[in-house]
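S.K.: Please find the sequence and the predicted model below.
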Amino acid sequence: MLNTLNIRMGNIHKLSDVQSTQIGLNTVVWQFTVILGGASIGANCNINCNCFIENDVTIGDNVTIKSGVQVWDGVQIENNVFVGPNVTFTNDLIPRSKIYPKEFKKTILREGCSIGANSTIVAGITIGEMAFIGAGSVVTKSIPPFTVWYGNPAKQHGYITNDACLLGLDLIDKQTGIQYFLDGFKPITK
């Protein structure tokens, strides 16, 4: 079992409660984190302290989940995603005590996106590949790839390149003045 191997290797802290056996190699789980049995977590992830990961959750490889994050049923996180401290996911648009929906809304974080600290991600949306969500944002709708969003509610403020260069809405790098162009959703130089 990968879980037992990770515990022996010291990657899963003894003060965590990891019930899943689907934990990839070199994934680190810090203390006071709970991972339920149905969750699947890839290799080389870093799950910080005081996190909770529910059953119907899939997390890819090389994912960082900082302290205080709860990942509820229906959340799918692809490879190379960063989830900042105290990010809040929801999975029920009309929550009521002891009344559960037939199925929870699906939320997808696409490859390489970053979610800033204390952001709230409303259920049933997709955050696009490499998208960047600023700290404290409330994301209420799906976000296109390679875009920068922040605020409450989050609004688009620019674009981001594969190498993390922030661009304005005009696709100009504010530091270098270089003009970028969109190739599909991806900002490129000519």
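M.R.: Sure, I can see it.
S.K.: only C-alpha atoms for contact and neighbour calcs from this point on.
M.R.: Noted.
S.K.: For the protein, which segments are assigned as helices?
M.R.: Remark: helices assigned in the chain by DSSP state H are 2-8.
S.K.: tell me, what residue is most central in the protein?
M.R.: Val83 (4.3 Å; CA atoms, centre = their mean).
S.K.: beta partners of that one?
M.R.: Judged by DSSP bridges, the bridge partners of Val83 are Ile65, Ile115.
S.K.: now the one 5 residues further on
M.R.: Each beta-bridge partner of Thr88 is listed here, defined by DSSP bridges: Gln70, Thr120.
S.K.: Could you give the number of residues near it?
M.R.: Thr88 is flanked by 19 other residues according to other CA atoms under 10 Å.
S.K.: Could you do Thr147 as well?
M.R.: Neighbour tally, Thr147, other CA under 10 Å: 27.
S.K.: quick revisit: from Tyr159, how far off is the residue nearest to the centre of the chain?
M.R.: Distance from Val83 to Tyr159, counting by CA to CA, to the nearest Å: 19 Å.
S.K.: mind listing what Val29 touches?
M.R.: 11-13, 16, 46-49 (CA atoms under 8 Å, 6 or more residues apart in numbering).
S.K.: Would you quantify the distance from it to Arg96?
M.R.: From Val29 across to Arg96, the span is 31 Å (CA to CA).
S.K.: go on, Asp163?
M.R.: 43 Å.
S.K.: what's the single longest strand in the protein?
M.R.: strand 155-160 (DSSP state E).
S.K.: tell me the mean pLDDT for it?
M.R.: On average, the pLDDT along strand 155-160 is 98.
S.K.: swap in stretch 114-127?
M.R.: On average, stretch 114-127 scores 98.
S.K.: and the end-to-end length of that stretch?
M.R.: 9 Å.
S.K.: Work out the gap between that stretch and the centre of the chain.
M.R.: 7 Å (CA atoms, centre = their mean, to the nearest Å).
S.K.: ok, now which ones touch Gly42?
M.R.: 22-25, 27, 59-62.
S.K.: Check what pLDDT His6 gets.
M.R.: One correction, residue 6 is Asn, not His. Asn6 is given a pLDDT of 54.
S.K.: And Lys102, by the same measure?
M.R.: 89.
S.K.: do the same with the one 3 residues further on
M.R.: Note on Lys105: pLDDT of 93.
S.K.: Against Gln175, how distant is it?
M.R.: Distance, Lys105 to Gln175, by CA to CA: 40 Å.
S.K.: and what of Ile59?
M.R.: 34 Å.
S.K.: When those two are compared, which one has more neighbours?
M.R.: Ile59 (26 against 9).
S.K.: wouldn't the more buried one be in contact with Asn79 here?
M.R.: Yes: with contact defined as CA atoms under 8 Å, Ile59 reaches Asn79; the gap is 7.4 Å.
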